[in-house]
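Participant: Below are the sequence and a predicted model for it; my questions follow.
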Amino acid sequence: MGRALSAWATADHTDHFREIELERTWNEVAPRDSWRRAYNCQFELHCCVPGDRIGEQLAEFGGGVLMSATLAPLDIFRSISGLDHLAESGRPVEERVYKMNFPEKNRASYAVKAPKFTYANRGAPGDETPTRMAHARAIRQVAAINGNVLVGMPSYAEAEWAAEVLHGHIDKEVLRDESSSDTATGAVRDEFFDGPGKVLVTSLRGTLTEGVDYRGDRLAAAIVSGVPIINTASPRTKAVQTAYDHRFGNGFRDALLVPAVRKARQAIGRVIRGPTERGVRVLLDERYASDDWDSVRGLLGPDQEEFKPVGPDMLDFALKQFSK
């Protein structure tokens, strides 16, 4: 307790964010005029750029391997994961980058130049905006592919919308993952794997788009709609972005865009898990396809050139050509 309160009092205000959370409760034992009767209080000290702290923990090991298909850009990963801290202290840090060695002919990868799936463009889920209509059409086209199809949306609210636009438009069962317990999520996953082809709609901030084994015929296609950037209006997010600005110079890119694109890459990475598997990977948002000022194409990693830019009107044709 003493160490925690000392850090609260002495930590700098650039790399750290202090927060007091009040949780609603009811405690009849507490005095009637006390806030403790209605709230639980929690003090939090959030380290916005924790690379040095993580590096101190990694230094306790004799060695190790950090491995993933979505570590790029490596310079940012080295800093935030503590590897630069290790290197500065004299520990050897080696990098290895490997391209996917599965046959390229077995996968179709597209970046669709659909309107940006941002709130300013798409509006509320009930609005029939041009952006929503374009994304709904592309999602239906991919969902119609034979076999299981995974649809990744920026949030659970948007996942609910995507499930609604699929119902009645495809001849498959549509499953929707909700923000719920691990048991409920596991049940949805098992139902998705069992029986004929289905569509599973989920949030890219959930647990079904990374770390789940979709080997064999468990997944024929995956489509990601939009760039899943977290809420930029929250005080903690603003603090993290400011800390990254001071440390790296571009807080929005490094603290928000890079993790968002990593979520998208994790989702489409579920499709091809072995050298004999075939599948379709679709990134649905013009920011994945263009080189404009707000493009995220450069964050797609070593295989970005595989994601061929296509217009929304050509996606269905491209999917049919691959399925021949």
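Facilitator: Arrived safely. Everything numeric here is computed off the predicted structure, so don't read it as measured data.
Participant: When you work out contacts or count neighbours from here on, use the C-alpha atoms and nothing else.
Facilitator: Noted.
Participant: Need the pLDDT of the residue nearest the centre of the chain.
Facilitator: By CA atoms, centre = their mean, the chain has its centre lying nearest to residue 263, at 2.2 Å. With respect to pLDDT, residue 263 scores 95.
Participant: Okay, and it sits in which element?
Facilitator: Element membership for residue 263, per DSSP states H and E: helix 258-268.
Participant: Mind listing residues that contact that helix?
Facilitator: The contact list for helix 258-268 (CA atoms under 8 Å, 6 or more residues apart in numbering) reads 70-71, 73, 152, 204-205, 209-210, 222-224, 227-230, 281-283, 296, 299-300.
Participant: Which of those residues are buried? Put it as a ChimeraX command.
Facilitator: Buried subset of the contacts of helix 258-268, written as a ChimeraX selection, criterion 16 or more other CA atoms under 10 Å:
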select :70,71,73,152,204,205,209,210,222,223,224,227,228,229,281,282,283,296,299,300
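Participant: Narrow the contacts of helix 258-268 to those in strands?
Facilitator: 152, 222-224, 281-283 (DSSP state E).
Participant: Tell me the gap between the helix holding residue 263 and the middle of its chain.
Facilitator: Distance, stretch centre to chain centre, for helix 258-268: 4 Å (CA atoms, centre = their mean, to the nearest Å).
Participant: and the angle for it with strand 221-225?
Facilitator: Calculated by axes from the mean of the first three to the mean of the last three CA atoms, to 10 degrees, helix 258-268 forms an angle of 150 degrees with strand 221-225.
Participant: got the CA coordinates for helix 258-268 in CSV?
Facilitator: What follows is helix 258-268, C-alpha atoms only, in CSV (Å, rounded to 0.1, in the frame of the first residue of the first chain):
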residue,chain,number,x,y,z
VAL,A,258,-1.1,0.5,-34.8
PRO,A,259,-3.0,-1.6,-32.2
ALA,A,260,-6.3,-1.2,-34.2
VAL,A,261,-4.7,-2.5,-37.4
ARG,A,262,-3.1,-5.3,-35.3
LYS,A,263,-6.6,-6.3,-34.2
ALA,A,264,-7.7,-6.4,-37.9
ARG,A,265,-4.7,-8.5,-38.9
GLN,A,266,-5.3,-10.9,-36.1
ALA,A,267,-8.8,-11.5,-37.3
ILE,A,268,-8.0,-12.2,-40.9
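Participant: Next, count neighbours for residue 294.
Facilitator: 12 (other CA atoms under 10 Å).
Participant: ok, for it, nearest residue in space, not its chain neighbours?
Facilitator: Distance criterion CA to CA, 6 or more residues apart in numbering; nearest residue to residue 294, sequence neighbours excluded, is residue 287 at 6.5 Å.
Participant: How about the contacts made by the one you found?
Facilitator: 113, 116, 294-297 are the contacts of residue 287 under CA under 8 Å, 6+ apart.
Participant: Quick one, grab the pLDDT at it.
Facilitator: 97.
Participant: go on, the one 3 residues further on?
Facilitator: At residue 290, the predicted lDDT confidence score is 92.
Participant: That one and residue 283, how far apart?
Facilitator: 12 Å (CA to CA, to the nearest Å).
Participant: What of residue 319?
Facilitator: 13 Å.
Participant: Among the ones in strands among the contacts of helix 258-268, which one sits closest to residue 137?
Facilitator: residue 223 (12.1 Å; CA to CA).
Participant: Surely the closest one touches residue 142?
Facilitator: Yes: judged on CA atoms under 8 Å, residue 223 makes contact with residue 142 at a distance of 7.1 Å.
Participant: taking the ones in strands among the contacts of helix 258-268 as a set, which two sit the farthest apart in space?
Facilitator: Greatest spatial distance among these (CA to CA): 152 and 281, at 11.3 Å.
Participant: joint contacts of these two?
Facilitator: In contact with both residue 152 and residue 281: 222-223, using CA under 8 Å, 6+ apart.
Participant: roughly how far out does stretch 214-230 sit from the chain middle?
Facilitator: Its chain's average C-alpha position is 10 Å from that of stretch 214-230, according to CA atoms, centre = their mean.
Participant: Endpoint to endpoint, that stretch covers what distance?
Facilitator: Using CA to CA, the end-to-end distance of stretch 214-230 comes to 26 Å.
Participant: secondary structure class for residue 17?
Facilitator: Assigned with DSSP: H, G, I helix; E, B strand; the rest coil, residue 17 falls in the strand class.
Participant: Now do the same contact list for it.
Facilitator: 45-48, 236, 239-240.
Participant: let's see 7 Å
Facilitator: By CA atoms under 7 Å, 6 or more residues apart in numbering, residue 17 lies in contact with 45-48, 236, 239.
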